[in-house]
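In: Can you look at this prediction? I've put the sequence above it.
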Amino acid sequence: MTLSYIYTNFKPLLKTTHMKEIFNLIIIGALLLTSCRQATNNVNSNLNSQIDTVAIREIYLIPKNYIGKIEIYFDQTDGSKIEYEDNIRVYRIPESGILKTQFQFNTGTYYKDCRTYYYVDNKDIRKQLLTTANISAKIEGIVIFIDHNIVEKNKEIGERYFVDSLKHLDKYINLKYYKER
C-alpha cells in the first residue's frame, strides 16, 4: 500500500485535527520502523563483510641487528613452509632480507595489533620493534618503516619494509618524491 492510497481511502476519517495527528504519527512510525530495519540490515551486512575481510594476524621475526630492506613474496611454490604460532602467521625473515613464502597474500583490513615485528636471536629471544608509515614520525632508534606492497601485472605479490632509523631512510627511498601517508 502506498501513502497516497492510504490517505485517499482514509480521508473521510481524517476530518478532525486529532485524527489527522494520529494518522500522521502512525505513518511516521511505520516509516521509521521500515528505515530502522533497513539500516540494521545494512549494518549487519557491513559487519559481516568486515568480519570476512579482516586480515589474519602476523608475526615478523627479523634477525637480531638486521638493518636494511625486507621484501616478502607470497604464493611461492619454492617458498618457506607455512608456519603458525597460536593461529598467527609467522614470517621468518632470512639474513638476506628477502623471504619467499608459500602463504597467500594476506588480504583484508589491518588493525593496530594485526602485525607485530621482532628482532630475534638464535635462542628465539624477541625484542619488539616499533612501526611507522610516516616519514616525519618522531621515533628514535630502529623502526620498521612500512613501505608499499609489491605489485606485478596489477596483482599484489609482496610487501616491502625498511628496518633502520628514520633519519637513514634516504638510503632506501628518495624522500624528495615520497609522499607522507
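Out: Now that the structure is in, tell me what you want to look at.

In: So, low pLDDT: which residues of this structure?
Out: Within the chain, the stretches with pLDDT under 70 are 1-53, 111-112, 177-181.

In: Break down it into its strands, ranges please.
Out: 58-63, 68-73, 84-85, 88-92, 98-100, 115-120, 126-132, 142-152, 155-165 (DSSP state E).

In: possible to save those strands as a markdown table with distance to residue 175 and mean neighbour count?
Out: Bear in mind the C-beta positions are built from the backbone N, C-alpha and C, glycine included. As requested, these are exported to a markdown table (distance: least, CB to CB, whole Å; neighbours: other CB atoms under 10 Å):
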| stretch | distance to residue 175 | mean neighbour count |
| --- | --- | --- |
| strand 58-63 | 23 | 20 |
| strand 68-73 | 15 | 19 |
| strand 84-85 | 35 | 11 |
| strand 88-92 | 27 | 17 |
| strand 98-100 | 23 | 17 |
| strand 115-120 | 22 | 19 |
| strand 126-132 | 14 | 14 |
| strand 142-152 | 11 | 17 |
| strand 155-165 | 12 | 18 |
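
In: Using CSV, lay out those together with distance to residue 107.
Out: Compiled in CSV, the strands of the chain are given as follows (distance: least, CB to CB, whole Å):
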stretch, distance to residue 107
strand 58-63, 12
strand 68-73, 14
strand 84-85, 17
strand 88-92, 13
strand 98-100, 18
strand 115-120, 14
strand 126-132, 19
strand 142-152, 11
strand 155-165, 8
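
In: count of residues packed around the spatially closest residue to residue 54 that is not a sequence neighbour?
Out: In this structure, residue 54 finds its nearest non-sequential neighbour in residue 108, 5.0 Å apart by CB to CB, 6 or more residues apart in numbering. As a burial measure, residue 108 scores 13 neighbours (other CB atoms under 10 Å).

In: From residue 76, how far out is residue 108?
Out: From residue 108 over to residue 76 the distance is 20 Å, taken as CB to CB, to the nearest Å.

In: again, but for residue 130
Out: 29 Å.

In: now residue 173
Out: In this view, residue 173 and residue 76 are 25 Å apart by CB to CB.

In: Kindly report the same for residue 69.
Out: For residue 69 relative to residue 76 (CB to CB), the value is 18 Å.

In: about what we covered before: wait, the residue nearest to residue 54 touches residue 58, no?
Out: No - Residue 108 is beyond contact range of residue 58, at 11.2 Å (criterion: CB atoms under 8 Å).

In: how long is stretch 59-67 end to end?
Out: Start-to-end span of stretch 59-67 (CA to CA, to the nearest Å) is 18 Å.

In: which residues touch that stretch?
Out: The contact list for stretch 59-67, computed with CB atoms under 8 Å, 6 or more residues apart in numbering, reads 70, 85, 88-95, 97, 115-121, 126-127, 129, 142, 144, 161, 163-164.
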